[in-house]
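Chemist: Can you look at this prediction? I've put the sequence above it.
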Amino acid sequence: MTPGGENPDWPPRPQRVESIFQKLGQLYPEARCSLDWRNPFQLLVATILSAQCTDKRVNRVTPALFDRFPDAASFAAVEPEQVEPYVRSTGFYRSKARHIVGTSRLLLERHQGHVPQSMEALLQCPGVARKTANVVLATAYGLNAGVTVDTHVRRLGNRLGLVTATDPARIEVELMALLPQSDWDLLSIRLIFHGRAVCKARRPACGRCGLADLCPSYAPEPVSR
DNA sequence: ATCCCGAGGG
DNA sequence: CCCTCTGGAT
């Protein structure tokens, strides 16, 4: 079966999505955003830092980072070079430092230093696209503006045959059409947890996957060497 | 399409 | 060594 291909013997896609969503809820009842944050601004910064980097490593740098730069005004007052040492271990540190300072300055100029509650406003921030905006809106404000499509959601969406597109923007549109808006954020979080724990990029653990009977990509695991 | 970037796993 | 980690900008 081609990835994303639809087996005619299987239930239609919306019905399978429902089954998968429910099953993931049983597997990860405590699933939630695993970034540490105290206010929407800290979450925004942490999410910018989480690009191509595990949340665990982000959580390792943010305490010292926010101790030195507690709010948007603190970041806005310095040059990116002064932020770099605090975020170096998260990778892409020059871009990330520049984005954090740039976003902080924009928030100060246009939003009194606060994080806006709209997708449109968030997308104006440097270093913020739909993935980051969706995380902040859903996690900090409880707003399901869209579906967060990161590397895990993309990979599992394709492997599970939930979506046919491979680019994040179209994947998001396809997923939004498959579930009620109230479930959008939870779907992303559950897929991310499953992607981290079982359906890993390199060596998916199909042998201990609770979605095996719902997955068109299920394959017996190779014998370990 | 390519670049940015470090750390950990296999 | 190579691949991957809650991407975004050019």
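Modeler: Cool, got the structure. Numbers count the residues shown, from 1 in each chain, chains lettered A, B, ... in the order given.
Chemist: Pull out the buried positions in the helix or strand harbouring A:F66.
Modeler: According to DSSP states H and E, A:F66 maps onto helix A:55-68. For helix A:55-68, the neighbour count (16 or more other Cβ atoms under 10 Å) marks A:55, A:58-59, A:61-62, A:65-66 as buried. Just so you know, the C-beta spots here come from the backbone N, C-alpha and C atoms, and that holds for glycine as well.
Chemist: Next, format these as TSV and append pLDDT and distance to A:K200.
Modeler: Formatted as TSV, those follow (pLDDT from 0 to 100; distance: Cβ to Cβ, whole Å):
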residue	pLDDT	distance to A:K200
A:D55	94	15
A:V58	96	19
A:N59	95	20
A:V61	96	24
A:T62	96	25
A:L65	97	28
A:F66	97	30
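Chemist: check these against DNA strand C, which are close?
Modeler: A:D55 (Cβ under 7 Å from any atom of the strand).
Chemist: Put together TSV for the buried residues of helix A:55-68, with distance to DNA strand B on each row.
Modeler: Formatted as TSV, the buried residues of helix A:55-68 follow (distance: Cβ to the nearest atom of the strand, whole Å):
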residue	distance to DNA strand B
A:D55	11
A:V58	10
A:N59	13
A:V61	10
A:T62	15
A:L65	15
A:F66	19
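Chemist: which residues of chain A score low on pLDDT?
Modeler: Flagging of chain A using pLDDT under 70 yields the residue ranges A:1-12, A:221-225.
Chemist: Where do the domain boundaries of it fall?
Modeler: According to automatic domain parsing, chain A comprises the domains A:13-30+A:147-214, A:40-141.
Chemist: buried sites along stretch A:178-195?
Modeler: A:178-179, A:183-195.
Chemist: could you say what helices and strands the helix holding A:F66 packs with?
Modeler: Using 3 or more Cβ pairs under 8 Å, 6 or more residues apart in numbering; DSSP states H and E, the elements in contact with helix A:55-68 are helix A:40-49, helix A:80-87.
Chemist: Determine how far the first one lies from the middle of the whole chain.
Modeler: It refers to helix A:40-49. Its chain's C-alpha centre and that of helix A:40-49 lie 12 Å apart, by Cα atoms, centre = their mean, to the nearest Å.
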